[in-house]
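J.: return a 3D structure for these sequence lines:
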Amino acid sequence: MKIEKSYIEGLLVITPNVFADARGYFFESFNKEVFEAHGLPTLFVQDNESKSQKGVVRGLHFQAPPMAQGKLVRVIKGAVLDVAVDIRKGSPTYGKAHVELISEENKKMFWVPPGFAHGFHTLEDNTIFSYKCSNLYHKPSEGALLWNDPALEIDWGIIDPIISDKDKVAPPLAAFESPFVYEKKTVM
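T.: Just a heads-up that it's a prediction; the model follows:
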């Protein structure tokens, strides 16, 4: 398993070792020891799955403390352009986005810790998106940023997406008061 750091502290891209042959493929999507060695959580309390058609944008979502969620995301079928935006006050990368192509072909996973707004754009019909959460869903704690806010400088690769009414009216970054605070990690 290869684990790469993003230019934004805390985000990790995980690429499993895939063993393929005439029968199909096999890969390890979770290994407690490897995850712990890279500071990833090993206790997840909720799994979620969505199915979306091509051209759907979901996000940018988060849950506020104390119910903040980290998400370990992956694609079972299809492909997405996955996006995480740093919303930690005081972070040197506040308001910056990391965009990652995640697909059934590349089998990448993306760790999005608390303190980030998360969303994705489905690139294929019948895309199945799956993610493990480090905290339970809590409706009063949910929040969102406007997916197409020009201040975020995200190239979603789409002009007219299928999007929920809720996501259409989320606040832009300039009108957003983040409940998250950046805590610089010290490396030993």
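J.: let me see the backbone angles for the residue of the chain most remote from its centre.
T.: With distances taken as Cα atoms, centre = their mean, the residue sitting farthest from the centre of the chain turns out to be A22, at 32.3 Å. In terms of degrees, to the nearest 10, the main-chain angles of A22 are phi -60, psi -20.
J.: and it, how far is that from A175?
T.: Distance of A22 to A175, computed by Cβ to Cβ, to the nearest Å: 55 Å. For glycine as for every other residue, the C-beta is placed from the backbone atoms N, C-alpha and C.
J.: surely A97 meets E153?
T.: Yes: A97 is in contact with E153 according to Cβ atoms under 8 Å; the separation is 6.9 Å.
J.: the more surrounded of these two?
T.: The residue with the greater number of neighbours, taking A97 and E153 and applying other Cβ atoms under 10 Å, is A97; the counts read 18 against 9.
J.: specify the beta-bridge partners of the more buried one.
T.: Beta-bridge pairing of A97 under DSSP bridges involves V85.
J.: again with A117
T.: Taking DSSP bridges, one obtains V85 as the residues bridged to A117.
J.: who's in contact with it?
T.: Residues touching A117, when contacts are defined by Cβ atoms under 8 Å, 6 or more residues apart in numbering, comprise 59-62, 84-85, 87, 143-145.
J.: can we see that at 7 Å?
T.: Residues counted as contacts of A117 (Cβ atoms under 7 Å, 6 or more residues apart in numbering) are 59-62, 85, 87, 144-145.
J.: then E124?
T.: With Cβ under 7 Å, 6+ apart as the criterion, the residues that contact E124 are 54, 78-79.
J.: kindly report the same for L152.
T.: For L152, the contacting residues are 85, 95, 97, 173, by Cβ under 7 Å, 6+ apart.
J.: which of the residues in the longest helix seen in the chain are buried?
T.: Ordering each helix of the chain by length in residues (DSSP state H) puts helix 32-37 first. Residues of helix 32-37 classed as buried under the neighbour-count rule (16 or more other Cβ atoms under 10 Å) are F35.
J.: before we move on, back to that, and which of the contacts of A117 is nearest H121?
T.: Of all those, the one with the least separation from H121 (Cβ to Cβ) is G59, at 8.7 Å.
J.: great, nothing more from me.
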